[in-house]
Structure formats: structure tokens, C-alpha cells
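> Below are the sequence and a predicted model for it; my questions follow.
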Amino acid sequence: MNKNKYNYSYARHRSRMMAIQALYSWQITGTKNTSIASDFLNLIKFKKMNVDAEYFKKIFIGTSNKVYEIDHELLKYTLRNMRFIDQVERAILRLGVFELLHVEISYKIVIDEAVELSKKFCSEKSYKFINGVLDKMIFNRKKFEDL
């Protein structure tokens, strides 16, 4: 694999990891998203982390700004009420839906990243739930696009 491509992919992966942590913080505390973004961006800069800071900002601010649209979309594909979905699972699902709807990126990458993040941050079987919800959303949207 090309080293630059690996670094880019890794930086994007780290951006998603940080976005999940920022979304979790935002969901729990209710602190303004711009304040949380600023704190995380300062941390990235201070620690000289291999993170695509612009992408982090785009996906975190975008997800938190469009949370009502995202939750409305999620409710179509899960039988659970959003209040009963674990906070970290909710953050991962929200980020995945945001990327699927608002970022020009392959759905395969979005689902793969969401599954990997859930394996890292969630309970043992959460990745199956997250994969199922996002996969159902993709299947449904593709079905309507093909008409």
C-alpha cells in the first residue's frame, strides 16, 4: 500500500475516532458544539496528532448541526427508540448517517469505519447492530435510487 494513502486513511480514521469522542461529550454535556470542537482541535494541535483536523471539524460540526435530520433517518431503520440506544452507539450511528448523506465517500468505507469504531468503543455485540442499521439504510436508499 502506498505510504501516503495509508497516512491519509489513518488520519481520517483518527478523525472519526475523535469525532465519536466529541459527539459523546456533546450528547452527554450539552456543551456548544463549537466549544467542544475548539477543545479537540487544540488537543490535536498541542499533541501533534496524526488527525485530519479539517475532516474532524467537518464531520463533528456537521453531525451535531444535523442531529434532528439524522435521528429522523435513523428511526426508519431501527426498532429502538433513540433514548434507548447506548450513547456511544448513538454517536457512531449519527456519524455514519452524516457521512452517508453529506460526505462524498463510499458507503463501504463508512460502514467499515463504523463497525471498527464500535468494536473499539462499544460492547462486544454492538458492531452487529450498527452494521445492520447502516446496511439497511444503504439497501433501502439504493432500492429507491434504482427506480
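Nice, I can see it. From a predicted model like this one, the values you see are computed outputs, not experimental measurements. Numbers count the residues shown, from 1 in each chain.
> name the element the most centrally placed residue in the chain belongs to?
By C-alpha atoms, centre = their mean, the chain has its centre lying nearest to Leu95, at 2.3 Å. Using DSSP states H and E, Leu95 maps to helix 87-102.
> For the helix or strand that comes right after that helix, what is the distance to the chain centroid?
Later in the chain than helix 87-102, the nearest helix or strand by DSSP H and E is helix 107-121. Distance of helix 107-121 from the chain centroid (C-alpha atoms, centre = their mean, to the nearest Å) equals 8 Å.
> buried set for the helix or strand that helix 107-121 is followed by?
Going down the chain from helix 107-121, the next helix or strand is helix 126-145, by DSSP H and E. Across helix 126-145, burial judged by 16 or more other C-beta atoms under 10 Å covers 126-127, 129-131, 133-134, 137-138. Where you see a C-beta, it was placed from the backbone N, CA and C, and this is true even at glycine.
> Output those residues in CSV, with distance to Asn7 and pLDDT appended to each entry.
Listed next are the buried residues of helix 126-145 as CSV, based on distance: C-beta to C-beta, whole Å; pLDDT from 0 to 100:
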residue, distance to Asn7, pLDDT
Ser126, 28, 94
Tyr127, 26, 95
Phe129, 31, 95
Ile130, 26, 96
Asn131, 27, 96
Val133, 30, 96
Leu134, 26, 96
Met137, 30, 94
Ile138, 28, 93
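> In contact with Asp71, which residues?
82, 94 (C-beta atoms under 8 Å, 6 or more residues apart in numbering).
> how far away is it from Cys122?
As defined by C-beta to C-beta, to the nearest Å, Asp71 lies at a distance of 18 Å from Cys122.
> Now do the residue nearest to Ile130 when sequence neighbours are not counted against Lys142, distance only.
With C-beta to C-beta, 6 or more residues apart in numbering as the criterion, Ile130 has its nearest non-adjacent residue at 4.7 Å, and that residue is Ser118. Look at Ser118 and Lys142: by C-beta to C-beta, they are 22 Å apart.
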